[in-house]
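**Student:** Just need the structure, nothing else, for what follows:
(2 chains)
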Amino acid sequence: MAAALFVSGVISFAWIGLHVALMHWKPAQSRIGSITKGYLISIPCLYVAWRWLPLPGAIVKASAGQEPLMGLFHAYTLHLLLYFFYVEGFYHVERAVSLRFLIEILQHRSEHVRLAEIMERYNIGEMISRRLGVLEQYRYIEKAGERWHLQRKGKIFARLMQFSSWIFQSKGQSDRLK
Amino acid sequence: MKGFLISGSVFVLYVLGSMLFSHILKPVRISRIFVPGLILANVGYFLLYFLTPENLGFLGPAWVAHPVWLDVGYGCLLLFLNGHSYIDFFFGFNGGFSMSLMLEILRREPNGAELDEIVNCYKGANGFDKIYGWRLPRLADSGMIRIDYTTGTCVLTQTGRRVAKFALFCKRVLNLGMGG
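**Tutor:** The predicted model follows:
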């Protein structure tokens, strides 16, 4: 198990590190697509590393006498969960409106910032236009004339959200304040 | 394998429990269910791990992972990663900005919606901005900013400054623009 977790960690950090480096050298148009590609490419690499990578003696000793398949299973489980963790972290850093707001205040020339100024610079219209553009790029929505429509994928997600909101009895951002 | 199995079971219970309690209690802030629930799930995981037999009564000797601290730690890490994915799924799916935009368009189908109509959904009855109207008090409650409503200004707290600097650092590492 120790060997499997070690290999899984090494391969995960290797492909994530490579992805970060590539984002500087040649940024992909679809960042999430490129993360998934990186993960898929690393799947066979994990097996190769698990089978043939020379490991420190202490790790080999700690894994002795255990079912090899169990090790491989744990390696792939951790590898998958670290991929999810990276995607979630990436999305949060890229998209979070609250983080953007905090950064806007941080970068402001004076410490006390007028709310109206921030709201004007990072206004709701711009926020929505930018996000609609992202949703169009990923084919969740499309524009016909001046009107936005949901594509099939967007309809499925919106309906799933309705169902999930019912389960948790939660409200979407546009429904929270009246 | 014991750490994996107990961690997985505790996670399933956590998901079902948080759904049930959210549905019944309808909390204004869902984090009041998620956070204590996750702490309870961790306590439950450790209790179950140390109170059950090493092989759980059915695992063969080759399926019992050693050393124990590694198995316990691995199960705990899985619980954290699964819990993170679940909470992130909730905030991305139920509370996400993109999802709320798509929901507004869905409500207007088959005619669809113009940009102005969508923007108006985020404005309150007296014209205030719902995105900020909801977010600013939350940021103040969570200790990120201090708002002075008399002057209409806000200032980052020490925590808020740290979070903003860390977010900016992450954006630079990932080569991202301002986003949001």
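**Student:** burial measure for residue A:112, as a count.
**Tutor:** For residue A:112, the neighbour count with other CB atoms under 10 Å in any protein chain shown is 13. Glycine gets a C-beta too; all of them are placed from N, C-alpha and C.
**Student:** what about it, distance to residue A:63?
**Tutor:** 58 Å (CB to CB, to the nearest Å).
**Student:** Just the CA trace of stretch B:86-105, in PDB.
**Tutor:** Output of stretch B:86-105 as PDB, limited to C-alpha atoms (Å, rounded to 0.1, in the frame of the first residue of the first chain):
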ATOM      1  CA  TYR B  86     -19.000  16.800  -2.400                       C
ATOM      2  CA  ILE B  87     -19.100  20.300  -0.800                       C
ATOM      3  CA  ASP B  88     -17.500  21.800  -3.900                       C
ATOM      4  CA  PHE B  89     -20.200  20.000  -6.000                       C
ATOM      5  CA  PHE B  90     -22.900  21.600  -3.900                       C
ATOM      6  CA  PHE B  91     -21.500  25.100  -4.100                       C
ATOM      7  CA  GLY B  92     -20.700  24.800  -7.800                       C
ATOM      8  CA  PHE B  93     -24.000  23.100  -8.700                       C
ATOM      9  CA  ASN B  94     -26.600  24.600  -6.300                       C
ATOM     10  CA  GLY B  95     -25.000  27.900  -5.500                       C
ATOM     11  CA  GLY B  96     -22.900  28.400  -8.600                       C
ATOM     12  CA  PHE B  97     -23.200  31.600 -10.700                       C
ATOM     13  CA  SER B  98     -23.200  29.700 -14.000                       C
ATOM     14  CA  MET B  99     -25.900  27.300 -12.900                       C
ATOM     15  CA  SER B 100     -28.100  30.200 -11.700                       C
ATOM     16  CA  LEU B 101     -27.700  31.800 -15.100                       C
ATOM     17  CA  MET B 102     -28.700  28.600 -16.900                       C
ATOM     18  CA  LEU B 103     -31.700  28.300 -14.500                       C
ATOM     19  CA  GLU B 104     -32.900  31.800 -15.400                       C
ATOM     20  CA  ILE B 105     -32.600  30.900 -19.100                       C
END
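**Student:** what mean pLDDT would you report for that stretch?
**Tutor:** Average pLDDT, stretch B:86-105: 85.
**Student:** Pull out the buried positions in the helix or strand containing residue B:38.
**Tutor:** Following DSSP states H and E, the helix or strand that holds residue B:38 is helix B:31-51. Residues of helix B:31-51 classed as buried by neighbour count (16 or more other CB atoms under 10 Å in any protein chain shown): B:33, B:34, B:37, B:38, B:41, B:42, B:44, B:45, B:48, B:49.
**Student:** Chain A: strands as residue ranges?
**Tutor:** Under the criterion DSSP state E, strands of chain A are mapped to A:113-114, A:141-144, A:147-150.
**Student:** Pick the most buried one from these.
**Tutor:** strand A:147-150 (a mean of 21; mean count of other CB atoms under 10 Å in any protein chain shown).
**Student:** Need the contact partners of that strand.
**Tutor:** Strand A:147-150 is contacted from outside by A:132, A:140-143, A:158, B:102, B:105-106, B:109-115, B:118, using CB atoms under 8 Å, 6 or more residues apart in numbering or on different chains.
**Student:** What pairs with it, parallel or antiparallel?
**Tutor:** Each strand paired with strand A:147-150, and its direction, by DSSP bridges: strand A:141-144 (antiparallel), strand B:113-114 (antiparallel).
**Student:** Show me the contacts of strand A:147-150 that map onto helices.
**Tutor:** When DSSP state H defines the helices, the subset of the contacts of strand A:147-150 inside them is A:132, A:158, B:102, B:105, B:106, B:115, B:118.
**Student:** what's the most distant pair in these?
**Tutor:** Spatially, the most separated pair among the ones in helices among the contacts of strand A:147-150 is A:158 and B:115, at 17.7 Å (CB to CB).
**Student:** More neighbours: which of the two?
**Tutor:** More crowded of residue A:158 and residue B:115, by other CB under 10 Å: residue A:158, with 23 against 15.
**Student:** what residues are up against the residue of chain B positioned farthest from its centre?
**Tutor:** The centre of chain B is farthest from one residue, residue B:61, which by CA atoms, centre = their mean lies 37.7 Å away. Residue B:61 is in contact with A:65, B:55, counting by CB under 8 Å, 6+ apart.
**Student:** likewise residue B:167?
**Tutor:** A:93, A:96, A:99, A:102, A:103.
**Student:** Ok, residue A:151 next?
**Tutor:** So residue A:151 contacts A:139, A:140, A:141, A:142 (CB under 8 Å, 6+ apart).
**Student:** Distance of it relative to residue B:119?
**Tutor:** 21 Å.
**Student:** cool, residue A:154 as well?
**Tutor:** With the distance defined as CB to CB, residue A:154 ends up 19 Å from residue B:119.
**Student:** More neighbours: which of these two?
**Tutor:** Each of residue A:154 and residue B:119 has its neighbours counted (other CB under 10 Å); residue A:154 has more, 26 against 18.
**Student:** my read: the more buried one touches residue B:101, true?
**Tutor:** No: using CB atoms under 8 Å, residue A:154 is not in contact with residue B:101; the gap is 9.5 Å.
**Student:** Touching both of those two, which residues are there?
**Tutor:** Common contact partners of residue A:154 and residue B:101 (CB under 8 Å, 6+ apart): residue A:135.
**Student:** domains for chain B, by residue range?
**Tutor:** B:2-95, B:144-180 (automatic domain parsing).
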